[in-house]
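Chemist: structure for the following, please:
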Amino acid sequence: MHVVRDGSRQLKFDGEKLSESSSRSRGHVRWVEFQLYRTTGNSYVLARIGVSLSYHGPVCEVADRNNTAAVRTEEVSTAMVPCTVCSPVPMNEEFLRPETARYYALVSDSAEAVVKSLQKYDPDGNRYLTNVARRLLEDAARIDDGIYDSYYVEKVD
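Modeler: Now for the predicted structure:
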(Lines give C-alpha, C1' and ligand atoms only; values in the text may rest on other atoms or scores of the structure.)
Protein backbone atom coordinates (compact mmCIF):
# COMPACT_ATOMS: atom_id res chain seq x y z
CA MET A 1 0.00 0.00 0.00
CA HIS A 2 1.35 3.40 -1.03
CA VAL A 3 0.36 6.65 0.66
CA VAL A 4 0.89 10.11 -0.85
CA ARG A 5 -0.35 13.47 0.32
CA ASP A 6 -2.38 16.09 -1.50
CA GLY A 7 -2.35 19.12 0.75
CA SER A 8 -3.70 17.81 4.04
CA ARG A 9 -5.40 14.82 2.35
CA GLN A 10 -3.96 11.31 2.02
CA LEU A 11 -4.31 9.11 -1.05
CA LYS A 12 -3.88 5.38 -0.39
CA PHE A 13 -3.56 2.84 -3.18
CA ASP A 14 -1.97 -0.41 -4.25
CA GLY A 15 0.37 -0.37 -7.21
CA GLU A 16 3.91 0.11 -8.39
CA LYS A 17 6.25 3.08 -8.12
CA LEU A 18 7.40 3.76 -11.69
CA SER A 19 9.87 6.55 -11.02
CA GLU A 20 11.05 9.31 -8.74
CA SER A 21 13.04 12.43 -9.42
CA SER A 22 14.34 15.39 -7.43
CA SER A 23 15.72 18.81 -8.28
CA ARG A 24 17.68 18.93 -5.01
CA SER A 25 21.17 20.32 -5.47
CA ARG A 26 23.95 21.49 -3.21
CA GLY A 27 23.59 25.05 -2.03
CA HIS A 28 19.87 25.40 -2.80
CA VAL A 29 17.34 25.72 0.02
CA ARG A 30 14.27 24.85 -2.08
CA TRP A 31 13.61 21.95 -4.43
CA VAL A 32 10.86 19.72 -5.79
CA GLU A 33 10.50 15.95 -5.56
CA PHE A 34 8.28 13.84 -7.81
CA GLN A 35 7.07 10.25 -7.54
CA LEU A 36 5.03 8.53 -10.23
CA TYR A 37 2.96 5.41 -9.57
CA ARG A 38 0.70 3.08 -11.57
CA THR A 39 -2.12 1.64 -9.49
CA THR A 40 -3.37 -1.93 -9.72
CA GLY A 41 -6.43 -0.47 -11.48
CA ASN A 42 -4.12 1.11 -14.12
CA SER A 43 -4.58 4.70 -12.99
CA TYR A 44 -1.56 6.94 -12.51
CA VAL A 45 -0.74 8.87 -9.35
CA LEU A 46 1.72 11.75 -9.65
CA ALA A 47 2.94 13.06 -6.29
CA ARG A 48 4.89 16.30 -5.94
CA ILE A 49 6.51 17.69 -2.80
CA GLY A 50 7.88 21.21 -2.65
CA VAL A 51 10.64 21.18 -0.01
CA SER A 52 12.22 24.18 1.70
CA LEU A 53 14.91 24.65 4.32
CA SER A 54 14.19 28.36 4.78
CA TYR A 55 12.81 30.12 7.85
CA HIS A 56 11.66 33.69 8.35
CA GLY A 57 11.38 36.22 11.11
CA PRO A 58 8.01 37.15 12.63
CA VAL A 59 7.53 39.90 10.03
CA CYS A 60 8.56 39.02 6.47
CA GLU A 61 6.89 39.59 3.10
CA VAL A 62 8.10 36.19 1.86
CA ALA A 63 6.63 34.44 4.91
CA ASP A 64 3.36 36.33 4.44
CA ARG A 65 3.22 35.32 0.77
CA ASN A 66 3.88 31.65 1.68
CA ASN A 67 1.38 31.73 4.57
CA THR A 68 3.86 30.31 7.10
CA ALA A 69 2.94 29.81 10.73
CA ALA A 70 5.01 30.97 13.69
CA VAL A 71 6.65 28.39 15.96
CA ARG A 72 8.93 28.76 18.96
CA THR A 73 12.50 29.37 17.81
CA GLU A 74 13.80 26.19 19.47
CA GLU A 75 11.42 24.11 17.32
CA VAL A 76 13.14 25.18 14.08
CA SER A 77 15.60 22.59 12.80
CA THR A 78 19.25 23.57 12.86
CA ALA A 79 19.42 22.32 9.24
CA MET A 80 17.24 25.25 8.17
CA VAL A 81 18.69 28.53 6.90
CA PRO A 82 17.51 32.13 7.37
CA CYS A 83 15.55 33.97 4.71
CA THR A 84 17.73 36.26 2.60
CA VAL A 85 15.01 38.96 2.61
CA CYS A 86 14.34 39.37 6.34
CA SER A 87 17.60 37.80 7.66
CA PRO A 88 16.26 36.73 11.07
CA VAL A 89 18.70 36.07 13.91
CA PRO A 90 17.27 33.16 15.95
CA MET A 91 18.83 34.25 19.25
CA ASN A 92 16.99 37.59 18.90
CA GLU A 93 13.58 36.06 18.11
CA GLU A 94 11.15 34.16 20.33
CA PHE A 95 9.24 32.93 17.26
CA LEU A 96 10.29 32.09 13.70
CA ARG A 97 8.25 31.14 10.64
CA PRO A 98 9.70 28.04 8.94
CA GLU A 99 8.56 27.07 5.47
CA THR A 100 7.01 23.63 5.38
CA ALA A 101 6.70 21.00 2.68
CA ARG A 102 3.92 21.50 0.16
CA TYR A 103 2.17 18.35 -1.04
CA TYR A 104 0.26 17.88 -4.28
CA ALA A 105 -1.07 14.76 -5.98
CA LEU A 106 -2.80 14.13 -9.28
CA VAL A 107 -4.77 10.98 -10.06
CA SER A 108 -5.24 10.29 -13.76
CA ASP A 109 -6.63 7.52 -15.93
CA SER A 110 -4.19 8.30 -18.74
CA ALA A 111 -0.45 8.59 -19.18
CA GLU A 112 -1.05 11.49 -21.57
CA ALA A 113 -2.67 13.49 -18.75
CA VAL A 114 0.37 12.84 -16.55
CA VAL A 115 2.73 14.18 -19.22
CA LYS A 116 0.51 17.23 -19.82
CA SER A 117 0.32 17.97 -16.09
CA LEU A 118 4.11 18.22 -15.94
CA GLN A 119 4.38 20.66 -18.85
CA LYS A 120 5.08 24.30 -18.16
CA TYR A 121 4.76 27.35 -20.40
CA ASP A 122 7.31 30.08 -20.97
CA PRO A 123 6.27 33.78 -21.27
CA ASP A 124 5.76 33.32 -25.04
CA GLY A 125 3.36 30.40 -24.51
CA ASN A 126 5.82 27.68 -25.59
CA ARG A 127 5.50 24.33 -23.80
CA TYR A 128 8.46 22.71 -22.09
CA LEU A 129 9.37 20.21 -19.37
CA THR A 130 11.73 20.96 -16.52
CA ASN A 131 14.78 18.71 -16.16
CA VAL A 132 13.33 17.05 -13.06
CA ALA A 133 10.09 16.26 -14.96
CA ARG A 134 12.05 14.89 -17.93
CA ARG A 135 14.06 12.57 -15.67
CA LEU A 136 10.87 11.35 -14.02
CA LEU A 137 9.19 10.56 -17.34
CA GLU A 138 12.26 9.02 -18.98
CA ASP A 139 12.77 6.68 -16.04
CA ALA A 140 9.08 5.73 -15.95
CA ALA A 141 9.02 5.19 -19.74
CA ARG A 142 11.55 2.38 -19.33
CA ILE A 143 8.95 0.25 -17.55
CA ASP A 144 5.57 1.65 -18.59
CA ASP A 145 4.38 1.56 -22.21
CA GLY A 146 1.71 4.21 -21.63
CA ILE A 147 4.22 6.73 -20.31
CA TYR A 148 6.64 5.78 -23.09
CA ASP A 149 4.05 6.41 -25.82
CA SER A 150 2.81 9.66 -24.25
CA TYR A 151 6.28 11.07 -23.60
CA TYR A 152 8.28 10.00 -26.63
CA VAL A 153 5.53 10.21 -29.26
CA GLU A 154 3.56 13.43 -29.54
CA LYS A 155 0.72 13.74 -32.00
CA VAL A 156 0.76 17.20 -33.60
CA ASP A 157 -2.25 18.62 -35.48
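Chemist: contacting residues around residue 141?
Modeler: Counting by CB atoms under 8 Å, 6 or more residues apart in numbering, residue 141 touches 147, 148, 151, 152. For the C-beta atoms, the positions are set from N, CA and C on the backbone; glycine is no exception.
Chemist: for those residues, pick the one with the most neighbours.
Modeler: Highest neighbour count within the contacts of residue 141: residue 147, with 25 neighbours (other CB atoms under 10 Å).
Chemist: check which helices and strands the worst-scoring helix or strand of the chain on mean pLDDT is in contact with.
Modeler: Using mean pLDDT, DSSP states H and E, the weakest-scoring helix or strand in the chain turns out to be helix 61-65, at a mean of 85. Helices and strands touching helix 61-65, by 3 or more CB pairs under 8 Å, 6 or more residues apart in numbering; DSSP states H and E, are strand 54-56.
Chemist: what's the spacing between the strand it packs on and its chain's center?
Modeler: Chain-centre distance of strand 54-56: 18 Å, with CA atoms, centre = their mean, to the nearest Å.
Chemist: element containing the nearest residue to residue 118 once chain neighbours are set aside, please.
Modeler: In space, and not counting its chain neighbours, residue 118 is closest to residue 133: 4.1 Å by CB to CB, 6 or more residues apart in numbering. According to DSSP states H and E, residue 133 maps onto helix 131-141.
Chemist: cool, and residue 38?
Modeler: Judged by DSSP H and E, residue 38 forms part of strand 30-39.
Chemist: got the angle for that strand vs helix 131-141?
Modeler: 20 degrees (axes from the mean of the first three to the mean of the last three CA atoms, to 10 degrees).
Chemist: residues contacting strand 30-39, please?
Modeler: Counting by CB under 8 Å, 6+ apart, 2, 4, 13-25, 44-54, 99, 114, 118, 132-133, 136-137, 140, 144, 146-147 sit against strand 30-39.
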